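Novice: I would like to see how this sequence folds:
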Amino acid sequence: MGFNRSIKDKVLVASGRCCAICHKFCGQKIELHHIIQVADGGKNTFDNCIPLCFDCHSDMGKIDKKHPRGTQYSSQELYMHRDNWYKNVKQESQQEKDKVSKEPVKMHHEQDYQHIML
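Specialist: Have a look, this model is predicted:
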């Protein structure tokens, strides 16, 4: 069994539907990966979930233990990538809200009446 709908929704919103490793926007082409696999005692929780694009997800667990090439992601590194990305998405969202709230509100009809008031 995978992550329930509530967990999926929270992860997808927290990530902005972007990969937590390469930061590419994925839209529907995103997969939710268990940082600690269920077979290894991992749970179907928000904390154990990382959103990944197809390419980054395909890199998980591909290292040949007898002839390793490259450096495999550790669980700790995946947690750090995920947490840093969630923080980034949250900050960008807050900056966008701040920007919108600081813009003066101008009614579309104000311009139409300016020539009458002069």
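Novice: what's near enough to touch the residue nearest to the spatial centre of the chain?
Specialist: Taking C-alpha atoms, centre = their mean as the criterion, residue 15 is the residue nearest the geometric centre of the chain, at 1.5 Å. Residue 15 makes contact with 30, 51, 82, 85-86, 89, according to C-beta atoms under 8 Å, 6 or more residues apart in numbering. Placement of C-beta: from N, CA and C, glycine included.
Novice: Quick check: it vs residue 38, distance?
Specialist: Residue 15 sits 21 Å away from residue 38, going by C-beta to C-beta, to the nearest Å.
Novice: what do you get for residue 73?
Specialist: 17 Å.
Novice: The two - which one has more neighbours?
Specialist: More crowded of residue 73 and residue 38, by other C-beta atoms under 10 Å: residue 73, with 18 against 12.
Novice: Was I right to think that one contacts residue 60?
Specialist: Yes - the criterion here is C-beta atoms under 8 Å, and residue 73 meets it with residue 60 at 6.9 Å.
Novice: who wins for neighbours among the contacts of residue 15?
Specialist: Counting by other C-beta under 10 Å, top hit in the contacts of residue 15: residue 51 with 25 neighbours.
Novice: buried ones in the helix or strand hosting that residue?
Specialist: Secondary structure from DSSP states H and E places residue 51 in strand 49-53. Of all the residues in strand 49-53, those buried under the rule 16 or more other C-beta atoms under 10 Å are 49-53.
Novice: and which of those is nearest residue 6?
Specialist: Within the buried residues of strand 49-53, the smallest distance to residue 6 is 11.5 Å, found for residue 49 (C-beta to C-beta).
Novice: how close does that closest one get to residue 19?
Specialist: According to C-beta to C-beta, residue 49 and residue 19 sit 13 Å apart.
Novice: Same check on residue 33?
Specialist: Applying C-beta to C-beta to residue 33 and residue 19 gives a distance of 10 Å.
Novice: Repeat that for residue 83.
Specialist: Going from residue 83 to residue 19 by C-beta to C-beta gives 14 Å.
Novice: ok, now residue 78?
Specialist: From residue 78 to residue 19 the distance is 12 Å (C-beta to C-beta).
Novice: Now do the longest helix seen in the chain and strand 49-53, the angle between them.
Specialist: If you go by DSSP state H, the chain has its longest helix at helix 75-102. Angle, helix 75-102 to strand 49-53, by axes from the mean of the first three to the mean of the last three C-alpha atoms, to 10 degrees: 80 degrees.
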